[in-house]
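Colleague: Need coordinates for the following:
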Amino acid sequence: MRICRAISRAASSLKLPLAWFSAACVLALAGCGPRKLPQANTYAAQLYAERCGQCHRLYDPRSMTAAMWQVQVKAMQDRMRTAGITPLSPRQRKLILGYLERNAGTD
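Modeller: Below you'll find the predicted structure:
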């Protein structure tokens, strides 16, 4: 009988911390979804989503600096050619790179 009461008390004392832990997990997971692209309604952002999103998930422009984006876009152009995908036209490259540079991170 004593053991049953001890287990019951222990279970009761865990309910509140477990509830807080569960709530914290739910809130943390809610924040894990993809962030909305900056200037999402612009033609440049939509072009970025269309062309770059056809092969991989979209990266938040703030995740790289402008200089890093220049290197990355050039590398992706080469990978597109290798994969048999039509590379970006000069105009598309300029629009997408401009969008990424305008919204790039600072570090």
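Colleague: Tell me which helix or strand Thr106 sits in.
Modeller: Under the criterion DSSP states H and E, no helix or strand holds Thr106.
Colleague: I'd like to know how many residues surround it.
Modeller: Counted with other C-beta atoms under 10 Å, residues neighbouring Thr106 total 6. Bear in mind the C-beta positions are built from the backbone N, C-alpha and C, glycine included.
Colleague: Give me the secondary structure label for Arg57.
Modeller: Here Arg57 is recorded as coil under DSSP: H, G, I helix; E, B strand; the rest coil.
Colleague: Tell me, what's the model's pLDDT at it?
Modeller: On the pLDDT scale, Arg57 is placed at 95.
Colleague: Next one: it relative to Leu95, how far apart?
Modeller: Separation of Arg57 from Leu95 (C-beta to C-beta, to the nearest Å): 20 Å.
Colleague: before we move on, what about Pro38?
Modeller: To Leu95, Pro38 is 15 Å away according to C-beta to C-beta.
Colleague: of these two, who's got more company?
Modeller: Shown here are Pro38 and Leu95; by other C-beta under 10 Å, Leu95 has more neighbours (20 against 13).
Colleague: show me what contacts the more buried one?
Modeller: Tyr43, Ala44, Leu47 (C-beta atoms under 8 Å, 6 or more residues apart in numbering).
Colleague: Can you give me the distance of the first one to Ser89?
Modeller: In this structure, Tyr43 and Ser89 are separated by 14 Å, where distance is defined by C-beta to C-beta.
Colleague: May I see the buried residues of stretch 77-87?
Modeller: Met80 (16 or more other C-beta atoms under 10 Å).
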